[in-house]
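Undergrad: Below are the sequence and a predicted model for it; my questions follow.
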Amino acid sequence: MNEILDLEINEMAQTKFDCSCGRNHFFSIHDIAIGKGQLKALVPMAQPFIDGKVLMVCDNNTYEAAGKESLKLMEAAGFDVKRLVFDKGEDILIPDECVVGRVLEELDLDITLMVAVGSGTINDLVKFVSSRTKIPYIIVCTAPSMDGYVADGAPLICDGKKISYPACLAYGVVGDTDIMKQAPMRMIHAGFGDVVGKLTALADWDLAVQVVNEYRCDTCVTLVNRALEKCFSKTDALAKRDEEAVLYLIEALTLTGVAMGLVGVSRPASGSEHMLSHYWEMDFIAKGRYPELHGIKVGIATPIIAEVFEELSDCLPEETAKLSPSRLEVEDLLRRAGCPVSPKDIGIDRDLFYRSLMEGYDVRPRYSVLRYAKEKGRLKAIAEKITERIYGGQA
Ligand SMILES: [Zn+2]
Ligand SMILES: [Zn+2]
């Protein structure tokens, strides 16, 4: 019945099944090719679009990492490919109005497929344009840095603020571990941080099931849990860019995306740890500071949320208490992978940290352990305690 659990990741495209949760699930991505040497899968994946023109979008770094080779493969197979390479030199590409506009300007009338070569920014950008123009896109992933390759939101910057626009899933996903294991280590750490965040996301989801009777699909939870187990079994090898460690990391990131796609909500992927991360990011953007990679922030936020669960252990529903990870366990995972652990490591000051714990529950209208703490009248005391532990001294 829940046969998706028996499928390999590359077989999950277009799966449709009646689930034990009472719903009929459908995963709409047409094609997934993840693994060693999978870049060559781009050509057969794009084959249905060979009669039209292709727009390939990348930046100067991702062009070198995989764009050049993708272009070579497609042209050799007879595709007519137009290139758009954003060159920001040493600066990072910010997905704002201007950059979205550039993609639209390059979108000739006879283009029938877009190929995005990159990670977070390039993917979000092309995903947004794809969903507004209905021109499908294939993402060639260059770094295992976040779980947005298989997600239907496209966070962009508008008027200096980050807005998560609803968007459509990619037509296809290509993830070649030979390419992704060469990604900057900071991006690999970010991907790992985003995966670690699923530990508290799942605990938050359980809390919402127990306290406010929210819907949950156990098949999806199992899917994510299995992927986490595999990924964490290779934690120590990640720093060495071990092939299997990188594969399990990108699998975990993709499978949480699949789980989100199946249930149609981001519960399997994001909870309070993402709320803290978002709160910090808004503050960084407002102050014109580099907002740091998504998964780096999520990773740092996860042991803090684990601590919130621990502080509430005397009044949590039994199931949730069993599920929530311990702070030390989460910190240990991050440390072994080489990820930053403390909010101080990325320049979050005491005031911002304290405010994020006090106000973070309000980032999204969704039930979370932060809201639970607030309802129990415990939030302030917990926020003060954790702030003191990390920053020391008086408030
Ligand atoms: Zn995330
Ligand atoms: Zn289900």
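TA: Looks like it came in fine. Ligands and ions are numbered 1, 2, ... in the order given.

Undergrad: Glu329: neighbour count?
TA: Glu329 is flanked by 12 other residues according to other Cβ atoms under 10 Å. Glycine gets a C-beta too; all of them are placed from N, C-alpha and C.

Undergrad: what does the stretch 1-150 of the chain have sitting close to ligand 2?
TA: Applying Cβ under 5 Å from the ion, we find that the stretch 1-150 of the chain lies next to ligand 2 at 19, 21.

Undergrad: Could I get the contacting residues of the residue lying closest to Glu243 once chain neighbours are set aside?
TA: Closest residue to Glu243 apart from its sequence neighbours, by Cβ to Cβ, 6 or more residues apart in numbering: Thr177 at 5.9 Å. Residues in contact with Thr177, defined by Cβ atoms under 8 Å, 6 or more residues apart in numbering, are 34-36, 38, 243, 246-247, 250.

Undergrad: how much space between Phe192 and Val99?
TA: The gap separating Phe192 from Val99 is 27 Å, by Cβ to Cβ, to the nearest Å.

Undergrad: My error: substitute Ile157 in the last question.
TA: For Ile157, the distance to Val99 - Cβ to Cβ - is 9 Å.

Undergrad: neighbours around the residue in the stretch 101-250 of the chain that ligand 2 sits nearest to, how many?
TA: Closest approach of the stretch 101-250 of the chain to ligand 2 (Cβ to the ion) occurs at Cys217, with a separation of 3.1 Å. By the measure other Cβ under 10 Å, the count of residues near Cys217 is 23.

Undergrad: Let me see the contact set for the nearest residue in space to it that is not next to it in sequence.
TA: By the measure of Cβ to Cβ, 6+ apart, the closest residue to Cys217 outside its immediate chain neighbours is Cys21, 4.0 Å from it. Residues near Cys21 by Cβ under 8 Å, 6+ apart: 215-220.

Undergrad: which of the residues you listed count as buried?
TA: Buried residues within the contacts of Cys21, counting neighbours by 16 or more other Cβ atoms under 10 Å: 216-217, 219-220.

Undergrad: now the residues you listed as TSV including secondary structure, distance to Arg289 and pLDDT?
TA: Output for the buried ones among the contacts of Cys21, formatted as TSV (DSSP: H, G, I helix; E, B strand; the rest coil; distance: Cβ to Cβ, whole Å; pLDDT from 0 to 100):
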residue	secondary structure	distance to Arg289	pLDDT
Arg216	coil	37	96
Cys217	coil	38	96
Thr219	helix	41	94
Cys220	helix	36	95
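
Undergrad: Those: which two are farthest apart?
TA: Largest separation among the buried ones among the contacts of Cys21 by Cβ to Cβ: Arg216 and Thr219, giving 9.9 Å.

Undergrad: and stretch 350-367, which residues are buried?
TA: Neighbour-count burial for stretch 350-367 [16+ other Cβ under 10 Å]: 350, 353-354, 356-358, 360-361, 363-364, 366-367.

Undergrad: I'd like to know which helix or strand in the protein has the lowest mean pLDDT.
TA: strand 161-166 (a mean of 88; mean pLDDT, DSSP states H and E).

Undergrad: Direction included, what does the helix or strand just after it pair against?
TA: For strand 161-166, the following helix or strand on the C-terminal side (DSSP states H and E) is strand 172-176. Take DSSP bridges as the rule and strand 172-176 pairs in its sheet with strand 31-35 (parallel), strand 137-141 (parallel).

Undergrad: Neighbouring strands - and their directions - for whichever helix or strand comes after the last one?
TA: Counting by DSSP H and E, the next helix or strand C-terminal to strand 137-141 is strand 153-158. Counting by DSSP bridges, the strands paired with strand 153-158 are strand 161-166 (antiparallel).

Undergrad: which outside residues touch the strand it pairs with?
TA: Contact with strand 161-166 is made by 128, 131, 152-157, 278, 281-282, 285, as judged by Cβ under 8 Å, 6+ apart.

Undergrad: same check, this time on stretch 355-368
TA: Residues contacting stretch 355-368 (Cβ under 8 Å, 6+ apart): 204, 207-208, 211-212, 214, 271-272, 275-276, 278-280, 283, 304, 308, 348, 370-371, 373-374, 379-380, 382-383, 386-387.

Undergrad: show me what contacts Thr62?
TA: 117-119, 122, 142.

Undergrad: how does it look with 6 Å?
TA: Thr62 makes contacts with 117-118, 142, as judged by Cβ atoms under 6 Å, 6 or more residues apart in numbering.

Undergrad: Based on its surroundings, how many neighbours for the residue lying closest to it once chain neighbours are set aside?
TA: Nearest residue to Thr62, sequence neighbours excluded (Cβ to Cβ, 6+ apart): Gly118, at 4.0 Å. Using other Cβ under 10 Å, Gly118 has 27 other residues around it.

Undergrad: Would you mind naming what in the stretch 151-300 of the chain lies close to ligand 2?
TA: 217, 219.

Undergrad: and if we set it to 8 Å?
TA: Residues of the stretch 151-300 of the chain lying near ligand 2 by Cβ under 8 Å from the ion: 217-220, 262-263.

Undergrad: residue ranges with poor pLDDT in the protein?
TA: Along the chain, the model assigns pLDDT under 70 to residues 1-2, 394-395.

Undergrad: and if we set it to 50?
TA: For the chain, applying pLDDT under 50 flags the ranges 1, 395.

Undergrad: biggest helix in it by residues?
TA: helix 185-212 (DSSP state H).

Undergrad: Buried ones in that helix, by neighbour count?
TA: Applying 16+ other Cβ under 10 Å to helix 185-212 flags 186-211 as buried.

Undergrad: Run the chain-centre distance for it.
TA: Its chain's C-alpha centre and that of helix 185-212 lie 10 Å apart, by Cα atoms, centre = their mean, to the nearest Å.

Undergrad: What of stretch 133-150?
TA: How far stretch 133-150 lies from its chain's middle: 11 Å, per Cα atoms, centre = their mean.
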